[in-house]
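Trainee: Can you look at this prediction? I've put the sequence above it.
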Amino acid sequence: MTSETHPVDGAHALRGPRLPDFPWDSLAEQTATARAHPDGLVNLSVGTPVDPVPEPLRAALASVSDIPGYPATHGTPELRAAAVDALLRRHGVTVDPAAVLPTIGSKELVAWLPTLLGVRPGDVVAIPDLAYPTYEVGAKLVGAEVVRLAPGETPPAGTALVWLNSPSNPTGRVLDAAELAASVRAAREAGAVVASDECYLELGWEAEPVSVLHPSVTADPTGILAVYSLSKSSNLAGYRAGFVTGDPDLVGRLLELRKHAGMIMPRPVQQAMTAALADDEHVGVQRDLYAARRAVLRPVLEAAGFTIEHSHGGLYLWATRGADAWDTVGWLAQRGILVAPGTFYGPAGQRHVRIALTATDERIQAAADRLS
Ligand SMILES: Cc1ncc(COP(=O)(O)O)c(C=O)c1O
């Protein structure tokens, strides 16, 4: 059946979950305005890497491109060992190699985690008051109720799943070990699984991000999952590389389901990810690039009347001029700079915009020149 003849508005098609509109679709007008700038668009509205994939990772990908068989859902033993070593070396975290499970980037895991954990319609999924939109999408896919928690707020009793995210997208807020420990305690008291999205853990600026699995947070990973992505720190967004670890029983359950569902990281990507986890140098180089872009952009924004809040880690500046988010998006679009309104991340973002550091040095400088 072709797409023309498929009854997309028939009763069958209407049975799926109701999902929010894809937020970036609503930026079309501002995108057109920004694109019309004589010196071209500076797109700071999305966190997509722009620097090259490091050569050793490309070589690793190519080195196994002739393997014809199915890859293991659990990944190669070398991949799991590389993840264990990287977490210990970079973050002082000890995990069981059997409890490392590769994911096809982290977004799919975020979206499907409530489903895979057996969260039921009407259950509560707690997410940060300002949050990466996919936490809500994942809850909606199972018909769960979403509760947004301000920092320090506790989840209601009976909550099924609590999402943490430090450094945060969009705010760049970094939770210290005591704050993470308090969140874990509160989630456990509510009976919830904790999922900590740590995809910006390598990118701390004024604060040193801590993993939820660090011994200063908890000595016991029971009921905790930590979610990692190689997209930002290793420029592997295009390869789709991430992993989840933590509670061995929960990870084992995810592995069983993902085996049945064919949620398998391609073998060449497993090789590239293994190489990325074994090498800290390229992570440091990439970090320095973002630090330099941040150092250019932040003072110029402040001089232009913006207040930057939080933003102690991660890839974004969380900025306000006190005006409505969409007015600020429009003001910046007039200058050829596209950013995301804070409302994409929750109602608490009404007066903020999220400004990504993921543009080339040349484009970041262009933005700075226009704002000066
Ligand atoms: C907080 C957060 N989690 C997860 C992701 C998904 O990243 P990926 O699927 O590339 O691993 C992103 C991407 O921007 C993000 O900001």
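Mentor: Nice, thanks for sending it over. Numbering: from 1, shown residues only.

Trainee: For Leu357, see how far away Arg363 is.
Mentor: For Arg363, the distance to Leu357 (C-beta to C-beta, to the nearest Å) stands at 11 Å. (C-beta placed from N, C-alpha, C; glycine too.)

Trainee: let me fix that: Glu309
Mentor: From Glu309 to Leu357 the distance is 16 Å (C-beta to C-beta).

Trainee: Which one's more surrounded, the two?
Mentor: Leu357 (24 against 14; other C-beta atoms under 10 Å).

Trainee: Surely that one is in contact with Ala292?
Mentor: No. Using C-beta atoms under 8 Å, Leu357 makes no contact with Ala292, being 9.4 Å away.

Trainee: residue boundaries of the strands in the stretch 251-372 of the chain?
Mentor: Counting by DSSP state E, counting those that start in this stretch, one finds strands in the stretch 251-372 of the chain at the ranges 307-309, 316-320, 337-338, 340-341, 353-356.

Trainee: which one of the ones you listed is the most hemmed in?
Mentor: strand 353-356 (a mean of 28; mean count of other C-beta atoms under 10 Å).

Trainee: For the stretch 251-372 of the chain, which segments are assigned as helices?
Mentor: Using DSSP state H, counting those that start in this stretch, the helices of the stretch 251-372 of the chain run over 267-278, 281-303, 325-334, 361-371.

Trainee: Would you tell me which one of the ones you listed is buried the most?
Mentor: The highest average neighbour count among those, using mean count of other C-beta under 10 Å, belongs to helix 267-278 at a mean of 24.

Trainee: For that one, C-alpha coordinates in CSV please.
Mentor: C-alpha atoms of helix 267-278 as CSV (Å, rounded to 0.1, in the frame of the first residue of the first chain):
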residue,chain,number,x,y,z
ARG,A,267,28.8,-3.8,14.9
PRO,A,268,30.9,-1.0,13.2
VAL,A,269,29.4,1.5,15.6
GLN,A,270,30.3,-0.8,18.5
GLN,A,271,33.9,-0.7,17.3
ALA,A,272,33.9,3.1,17.0
MET,A,273,32.4,3.5,20.4
THR,A,274,35.0,1.1,22.0
ALA,A,275,37.7,3.2,20.5
ALA,A,276,36.0,6.4,21.7
LEU,A,277,35.7,5.1,25.3
ALA,A,278,39.4,4.0,25.3
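
Trainee: Is it positioned near the ligand?
Mentor: No. Helix 267-278 does not reach the ligand (C-beta under 6 Å from any ligand atom); its nearest approach is 11.2 Å.

Trainee: Report the inter-axis angle for that helix versus helix 281-303.
Mentor: 80 degrees (axes from the mean of the first three to the mean of the last three C-alpha atoms, to 10 degrees).

Trainee: so what secondary structure elements neighbour helix 267-278?
Mentor: Secondary-structure packing of helix 267-278 (3 or more C-beta pairs under 8 Å, 6 or more residues apart in numbering; DSSP states H and E): helix 55-63, helix 77-91.

Trainee: Kindly present the ones you listed as a markdown table, with separate columns for distance to Phe344.
Mentor: Formatted as a markdown table, the helices and strands packed on helix 267-278 follow (distance: least, C-beta to C-beta, whole Å):
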| stretch | distance to Phe344 |
| --- | --- |
| helix 55-63 | 30 |
| helix 77-91 | 29 |
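
Trainee: Of those helices, which stretch is the most buried?
Mentor: Of these, helix 77-91 is the most buried (mean count of other C-beta under 10 Å), at a mean of 19.

Trainee: Assign the nearest residue to Tyr135 once chain neighbours are set aside to helix, strand or coil.
Mentor: With sequence-adjacent residues excluded and distances taken as C-beta to C-beta, 6 or more residues apart in numbering, Tyr135 is closest to Ile127, at 4.1 Å. Under DSSP: H, G, I helix; E, B strand; the rest coil, Ile127 falls in the strand class.
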